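Chemist: Quick one: sequence and predicted model below, then my questions.
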Amino acid sequence: MQDIRQLLEQYVQIVESPRNQVSRKYWENADEPYLAERWRGRSRRKEQTPFTIALDISGYARVLDINCVDYYSKAEDQLRQQLRYAIWEYENIPGHRYFEPTVFISFGSVFEVSFFGAKIHYLPKQAPWYNEKEHVLVEKTDLLAMRQFDFFNSGLCAKAHEFYGEMKRMTEGYPLKVMFPVTLRSPFSIALMLRGYTELLIDTCDDPEFFCDLMATVTNYLKQYACQRAAFLGEPIPRMKLFNDEISSTVISRKMYEDLILPYEIDLAEFTHGISYWHSCSSTTDLYAAINQLPGLQMMHIGPWSDVRKAADVFAEKDVCLEICLNSVADIYDQEEDTMRKKLLLIRDACDKRIRYQVRADGFAVMNTVDAMLEKVKTWGRVAGEVFPG
């Protein structure tokens, strides 16, 4: 515990530091903790916009020799390692990230699918993943046999409660809040994990009634979790986040999205009084107008394969903030300063004075050496600081 106390004290100093308070002014959601490993801010600005840089957990694992099996299975190790990499990020990564006065509980992308009985694999140097070879819903009748959701025992819920109790004990006396997990994956994402991508797409054509039953069941589980979490904590239900990496306009047509997927996302938006964040790293340009129908949408992820200028055209109508994310390999690792600058200037030209936005270099993994990765990150950070000086 002694090392955790030292890390907590160091992290609290970062949270309270003048530099962090300067960063805080950029973000509309600084007082709404993001509740996940890679913090994401909702920019207040249409000019002099902020930029952020983030590694994924496999990157942090390489940099700091983190054993991800321990990280995701032991509360003390998750607290220790999240503090270590936050401190390392503060000391080494440029940008305007705000370090919030919270510690969090995370099980990566498999938390929600665990509710339904999916088998989870824990991996030494990356986030856990579900067993893709053994689908929960092999037969359609398996949906009828699905157990009722249990906030204290379904899947990883029991471990979430265990982590919550232990982290509250370890952080007692520090001005930090322990954040109980929120759900992140969208209904379509979870349905795909349960059924399989090919099988689910076939269902949309061959048996749309089953597809809708599955989507409704998943949506209901997310609602139950949100309600019971709020009651357990004595807090309001937070706006839902919809991580939708499985949605790409190269596979999902606008009609399919509007007819079969969007209604369940609207249902969740109305239930939680809005969507705080919609995410897909895939190409979503053709879906912008449909996504913009979501009530109370606050921030939209624009991945490296999507059209930034069109996003500014569409989402400015409802003052939706853009999170414009670059390709860490094609736009940064493989580029020199001049090309990095041209890319950032194109983004600035598309968005300045039109829409609130931030620029993000996300999901960095260590491709060669830690030093080589850091050199590229710092070069990009310096160029971004010239284009977006704050």
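Modeler: Nice, thanks for sending it over.

Chemist: Direction included, what does the worst-scoring helix or strand of the chain on mean pLDDT pair up with?
Modeler: Within the chain, no helix or strand scores below strand 357-364, which has a mean of 89 by mean pLDDT, DSSP states H and E. Paired neighbours of strand 357-364 in the sheet (DSSP bridges): strand 51-55 (parallel), strand 321-326 (parallel).

Chemist: Could you identify the helix or strand that succeeds it?
Modeler: Next in sequence after strand 357-364, counting helices and strands by DSSP states H and E, comes helix 370-387.

Chemist: Just put the strands paired with strand 357-364 in TSV and tack on distance to P389 and mean neighbour count.
Modeler: Backbone N, C-alpha and C define where each C-beta goes, glycine included. As requested, the strands paired with strand 357-364 are exported to TSV (distance: least, Cβ to Cβ, whole Å; neighbours: other Cβ atoms under 10 Å):
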stretch	distance to P389	mean neighbour count
strand 51-55	10	25
strand 321-326	17	24
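
Chemist: and the ones you listed, which one is worst for confidence?
Modeler: Lowest mean pLDDT within the strands paired with strand 357-364: strand 51-55, at a mean of 91.

Chemist: and it, how far from the chain's centre?
Modeler: Averaging C-alpha positions (Cα atoms, centre = their mean, to the nearest Å) puts strand 51-55 13 Å from its chain's average.

Chemist: Please enumerate residues in contact with it?
Modeler: Applying Cβ atoms under 8 Å, 6 or more residues apart in numbering, the external contacts of strand 51-55 come out as 38-41, 63, 85, 89, 93-97, 358-365, 377, 380-381, 384-385, 388.

Chemist: circling back to that earlier point, if we go by neighbour counts, what in the least confident helix or strand of the chain is buried?
Modeler: By 16 or more other Cβ atoms under 10 Å, the buried positions in strand 357-364 come out as 357-364.

Chemist: Would you mind getting the angle between it and helix 370-387?
Modeler: On the basis of axes from the mean of the first three to the mean of the last three Cα atoms, to 10 degrees, strand 357-364 is oriented at 170 degrees to helix 370-387.

Chemist: Other residues contacting strand 357-364?
Modeler: Outside strand 357-364, the residues that reach it (Cβ under 8 Å, 6+ apart) are 26, 38, 40-43, 45-46, 49-56, 59, 96, 312, 321-326, 328, 331-332, 344, 347, 351, 373, 377, 380, 384, 388.

Chemist: coming back round to it: can I have the buried ones of the contacts of strand 51-55 as a PyMOL selection?
Modeler: Buried residues among the contacts of strand 51-55 (16+ other Cβ under 10 Å), as a PyMOL selection:
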select buried, resi 38+39+40+41+63+85+89+93+94+95+96+97+358+359+360+361+362+363+364+365+377+380+381+384+388
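
Chemist: So which bits of stretch 229-242 are buried?
Modeler: Here stretch 229-242 shows 229, 237-242 as buried, counting by 16+ other Cβ under 10 Å.

Chemist: So which of those residues are in helices?
Modeler: Of the positions in these, R229 sit in helices, assigned by DSSP state H.

Chemist: for the buried residues of stretch 229-242, which one is nearest F211?
Modeler: L242 (17.8 Å; Cβ to Cβ).

Chemist: Relative to the whole chain's centre, how far out is stretch 83-100?
Modeler: In terms of Cα atoms, centre = their mean, the gap separating the centre of stretch 83-100 from the centre of its chain is 17 Å.

Chemist: actually stretch 65-81, not the one I typed
Modeler: Offset of stretch 65-81 from its chain centre (Cα atoms, centre = their mean): 19 Å.

Chemist: switch to numbering from 36
Modeler: Noted, 36 is the first residue going forward, which turns the last one into stretch 100-116.

Chemist: quick check: mean pLDDT across the helix or strand encompassing W164?
Modeler: According to DSSP H and E, W164 maps onto strand 161-165. The pLDDT scores in strand 161-165 average 95.

Chemist: Pull the residues that contact the helix or strand following that strand.
Modeler: Remark: after strand 161-165, the chain's next helix or strand is helix 192-205, criterion DSSP H and E. Helix 192-205 is contacted by residues 36, 39, 43, 108, 110-111, 113-114, 138, 140, 142, 146, 149-150, 185-187, 213, 215-216 when judged by Cβ under 8 Å, 6+ apart.

Chemist: Quick check on these: which are buried?
Modeler: By 16+ other Cβ under 10 Å, the contacts of helix 192-205 give 43, 110, 113-114, 138, 140, 142, 146, 149-150, 186, 213, 215-216 as buried.

Chemist: how far away is W164 from I155?
Modeler: 7 Å (Cβ to Cβ, to the nearest Å).

Chemist: Now for these two: what residues contact both?
Modeler: What both W164 and I155 touch, as defined by Cβ under 8 Å, 6+ apart, is the set V145.

Chemist: Pipe the buried ones among the contacts of helix 192-205 into JSON lines and attach distance to Y312 and secondary structure per row.
Modeler: Listed next are the buried ones among the contacts of helix 192-205 as JSON lines, based on distance: Cβ to Cβ, whole Å; DSSP: H, G, I helix; E, B strand; the rest coil:
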{"residue": "L43", "distance to Y312": "28", "secondary structure": "helix"}
{"residue": "A110", "distance to Y312": "26", "secondary structure": "helix"}
{"residue": "Q113", "distance to Y312": "23", "secondary structure": "helix"}
{"residue": "L114", "distance to Y312": "25", "secondary structure": "helix"}
{"residue": "V138", "distance to Y312": "20", "secondary structure": "strand"}
{"residue": "I140", "distance to Y312": "18", "secondary structure": "coil"}
{"residue": "F142", "distance to Y312": "18", "secondary structure": "coil"}
{"residue": "F146", "distance to Y312": "16", "secondary structure": "helix"}
{"residue": "S149", "distance to Y312": "21", "secondary structure": "helix"}
{"residue": "F150", "distance to Y312": "21", "secondary structure": "coil"}
{"residue": "F186", "distance to Y312": "23", "secondary structure": "coil"}
{"residue": "V213", "distance to Y312": "21", "secondary structure": "strand"}
{"residue": "F215", "distance to Y312": "18", "secondary structure": "coil"}
{"residue": "P216", "distance to Y312": "15", "secondary structure": "coil"}
